[in-house]
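Engineer: Sharing a model that was predicted from the sequence below.
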Amino acid sequence: MFQGGVDNSYYRKQYGDPCGSSKGNSSIVVRQSKMVVNSLDNIINLYDLNEILNVPPKRFYGHKSSKDFYVRANFGFNDNFLVSGSEDGFVYLWDLKKQRLVGTLGTNSLAFGHLNEVNDVATIDNNIVISASDDCSVIVWDLLK
């Protein structure tokens, strides 16, 4: 396992990687050899800890995370998906293998959704997403209903 520090300038120097987080990081989640890092510039980075010096992180986009709010991402559904909150009040879901956004949860209305930033998310089993927001709401989303 790697011990030490790596910033985005390392990947620019080593691989010519043009993408770099410039506003700071808001959260870290580790599962086995994978690490998810949320940054404050609308990027979620997925690192392979066994290859952190050899391979740049995979990057996920679509959610909003650019202010001073801490928006967190998490692994979900047997660690095959990435789930994230967002400043726009939606929950975002990405397929990790296909590395693409597969959907969002929310409506930005009182009908059913968050009215403010979604700060944190978690999953249970293969169909439940739980999200918490600055509007003081917690929503349990059943993806099978």
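Structural biologist: That came through, no problem.
Engineer: Count the residues that sit near the residue nearest to L115 when sequence neighbours are not counted.
Structural biologist: The spatially closest residue to L115, leaving aside those adjacent along the chain, is D135, at 4.3 Å (Cβ to Cβ, 6 or more residues apart in numbering). Backbone N, C-alpha and C define where each C-beta goes, glycine included. Applying other Cβ atoms under 10 Å, we find 12 residues neighbouring D135.
Engineer: Show me what the helix or strand containing M35 is packed against.
Structural biologist: Using DSSP states H and E, M35 maps to strand 34-39. Identification of packing neighbours for strand 34-39 by 3 or more Cβ pairs under 8 Å, 6 or more residues apart in numbering; DSSP states H and E yields strand 25-31, strand 44-48, strand 73-76.
Engineer: if I read this right, V71 contacts G89, doesn't it?
Structural biologist: No. Judged on Cβ atoms under 8 Å, V71 makes no contact with G89 at a distance of 11.0 Å.
Engineer: Looking at the two, which one has more neighbours?
Structural biologist: Using other Cβ under 10 Å, the more surrounded residue of V71 and G89 is V71, with 27 against 22.
Engineer: what about the more buried one, distance to N50?
Structural biologist: Note on V71: its distance to N50, by Cβ to Cβ, to the nearest Å, is 27 Å.
Engineer: before we move on, back to that, quick check: neighbours shared by V71 and G89?
Structural biologist: Taking Cβ atoms under 8 Å, 6 or more residues apart in numbering as the criterion, V71 and G89 both touch 117-118.
Engineer: At the geometric centre of the chain, which residue sits there?
Structural biologist: The residue lying closest to the centre of the chain (Cα atoms, centre = their mean) is A73, at 3.2 Å.
Engineer: What sits closest to it if chain neighbours are left out?
Structural biologist: In space, and not counting its chain neighbours, A73 is closest to S84: 3.8 Å by Cβ to Cβ, 6+ apart.
Engineer: can you give me the strands in the chain?
Structural biologist: 25-31, 34-39, 44-48, 58-60, 73-76, 81-84, 91-95, 100-105, 118-124, 128-133, 138-142 (DSSP state E).
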